[in-house]
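# When you get a sec, could you give me coordinates for this:
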Amino acid sequence: MIHRTFWKRLVEKLWDQHPVLWLSGVSQAGKTLLCRSLDDIEYFDCEAPETMKMLGEPDRFLQQYRGKRIALDSINCLVSANELAETASRYYSDTRIIAMAKPAANPPALGPEAASTHKGEIWLTPMLTDDQADFGNRDISVRMLKGGLPPFFMSEKPVGEGFRKWIESFVSGMGDVRRLFKVEKPGSLVSFIELLFGRSGDVFDSADFIQQCSMSRTAINSCLYILEKAGLVYPVRSFSSYKPDEITSAPRVFTFDTGFVCFYKGWSELTDEVKPLLWEHIVLNELIGRLQSRQFFYWRDRRGHRIDIVSAKRGIPPLAVICALHSEDADLESLFAFGRAYPDSTLAVVSSDISKPYRRISGSFNICMDSLESLISRLS
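Next up, the predicted model:
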C-alpha cells in the first residue's frame, strides 16, 4: 500500500485539534486508500447493509468503538450521519473519526458546513509533489500530462477516453444536486464541463457558453456554483483596492486537474507553449492542497500587466506571485507594476527550476525567487 506522507501527517495534525474530520475530494482522488493506510484504523463502508444497521444506533456504535480510530466511507448513505458526527464530536472526544461522502454528495447536499464547529475539514486534491515522491515518479511532465488522480497517473496505457468517462460518471451521480439547482439537461452540463476544461485558466464570461451549452445565463452561473462546490473548478477572483488603473472583472476559472485540461485541449504531448499554463495549474493545486485554502486572487491593470496569484489576508500586505516554469521567463514587469501599486507588498516568482530560494534585486524591487516548497513556507 502506498502511504501518502503529507496527507497522513495532515490527518494526524488535525485529529489533535478535532475528534471528527470530514475528508472531501473528487472521485478517484484516493480518499478510501488514504483512510485505509492510516495507522490502527477501523474501516467501515456505510453502503454495506450490516454497517448501515450497526450505525443506525450512533450512541451504541460509539460506545462499542470508544477510543478507536474509525474511517466511515460513504457516510452520506446513513440517515443518521449528522447525528453520529455530532454525538462523536460532543461526547466521545477520545474517539477519532474520519468521514467521507460520495463525491456527488459533497456540499451542498451534505458536507462540513452542515456540521458542528468540532469538526475539521480536509480537501484531498489531485497529487502534490510530495505524492509524486510517494508514488515513485517525480517527473513533472508526467504529472502535467496524465494529471494527479492516482489511477490515471499510474496507468502505463494512454488514459485518453478515461477522462471523458470520468466526467460522464460525475454528471450521472449529480442527479439530486442538478434537481436542487434546476439543471434539467445532463448533456448541457457535460458540454459546459468540457468547455471549462478546454478554457481552463481563462477569464470566465457566462455569455461564452449560452449558445454552445443551450443554457440560460442563470443556469450557467448555477452550474459553475455546483462545480465549485464539488471541487471540479477553482474560480480565482480578481484582487483590487479599486485603483483607477486596475481591472476588476470576472474570475479566472481553473479546472481541478491538468490531465483533464490536456485531454480537452487536445494536447497529447507537452510543448514549451503549453507547459507554462499547466505549471500555473500545478502551483495552484499545491497551494490549495498544502495550505487547505482556496482564498487566492489574480490581478490585472489596464496596461496589460497581470499577476497570476495574489494572497491577501486582512492586516497583512499582499503577496504577488508570478508562475514561471523557467525562472528566466518570469514577467518581472508585471511584478514591478504591482509593486508600484502596492509598495508594501511582497513580490515573488515561483519556478520549477529553482531548488534553493534566493533574492533578486532589480532597482528598488526585491524579488523572492522561490521553489514550490519555499513559496508554501512563505505563505504558511
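# can we go C-alpha only for contacts and neighbour counts from here?
Will do.
# after the helix or strand encompassing Glu83, next one along is what?
Assigned by DSSP states H and E, Glu83 falls within helix 81-91. Later in the chain than helix 81-91, the nearest helix or strand by DSSP H and E is strand 96-100.
# I'd like to know which elements that next one is packed against.
For strand 96-100, the helices and strands in contact under the criterion 3 or more CA pairs under 8 Å, 6 or more residues apart in numbering; DSSP states H and E are strand 20-24, strand 69-73.
# Those into TSV, with extra columns for mean neighbour count, mean pLDDT and distance to Gln292?
Shown next, in TSV, are these (neighbours: other CA atoms under 10 Å; pLDDT from 0 to 100; distance: least, CA to CA, whole Å):
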stretch	mean neighbour count	mean pLDDT	distance to Gln292
strand 20-24	24	94	11
strand 69-73	23	96	20
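# can you tell which of those is closest to Asp139?
strand 20-24 (26.4 Å; CA to CA).
# what angle do that closest one and helix 81-91 make?
Put simply, strand 20-24 runs at 140 degrees to helix 81-91, going by axes from the mean of the first three to the mean of the last three CA atoms, to 10 degrees.
# Give me the angle between strand 20-24 and strand 96-100.
Using the same axes, to 10 degrees: strand 20-24 against strand 96-100 is 20 degrees.
# list the buried ones in the helix or strand following strand 20-24?
The helix or strand immediately downstream of strand 20-24 is helix 31-36, counting by DSSP H and E. For helix 31-36, the neighbour count (16 or more other CA atoms under 10 Å) marks 31-32, 34-36 as buried.
# now do stretch 279-291
So for stretch 279-291, counting by 16+ other CA under 10 Å, buried means 279-290.
# Of these, which is the nearest to Pro235?
Looking across those and measuring by CA to CA, the closest to Pro235 is Leu284, at 11.0 Å.
# who does the helix holding Glu83 touch, helix- and strand-wise?
strand 20-24, helix 58-64.
# okay if I get the ones you listed as a markdown table plus distance to Asp205?
Shown next, in a markdown table, are these (distance: least, CA to CA, whole Å):
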| stretch | distance to Asp205 |
| --- | --- |
| strand 20-24 | 28 |
| helix 58-64 | 47 |
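# Which one of these lies nearest to Ser355?
strand 20-24 (31.4 Å).
# what lines up beside the closest one in the sheet?
strand 96-100 (parallel), strand 119-123 (parallel) (DSSP bridges).
# re the thing from before, so which of the helices and strands packed on helix 81-91 comes closest to Met215?
It's strand 20-24; of these, that one is closest to Met215 (CA to CA) at 28.8 Å.
# quick one: that closest one to chain centroid distance?
Centre-to-centre, strand 20-24 and its host chain are 15 Å apart (CA atoms, centre = their mean, to the nearest Å).
# Now do the residue most central in space within the chain, the pLDDT please.
Nearest to the mean C-alpha position of the chain, counting by CA atoms, centre = their mean, stands Thr125 at 4.7 Å. Confidence at Thr125, expressed as pLDDT, is 97.
# For Asp16, give its distance to Gly67.
Distance of Asp16 to Gly67, given as CA to CA, to the nearest Å: 14 Å.
# Between those two, point out the one with more neighbours.
Gly67 (13 against 10; other CA atoms under 10 Å).
# Looks like the more buried one contacts Asp94 (just checking).
Yes - with contact defined as CA atoms under 8 Å, Gly67 reaches Asp94; the gap is 5.0 Å.
# Between those two, which contacts overlap?
Common neighbours of Gly67 and Asp94, counting by CA atoms under 8 Å, 6 or more residues apart in numbering, are absent.
# How many residues are close by Gln295?
16.
# Bridge partners for the residue nearest to it when sequence neighbours are not counted, pull those for me.
Closest residue in space to Gln295, ignoring its immediate chain neighbours: Ser311 at 7.3 Å, by CA to CA, 6 or more residues apart in numbering. When bridges are called by DSSP bridges, Ser311 pairs up with Leu319.
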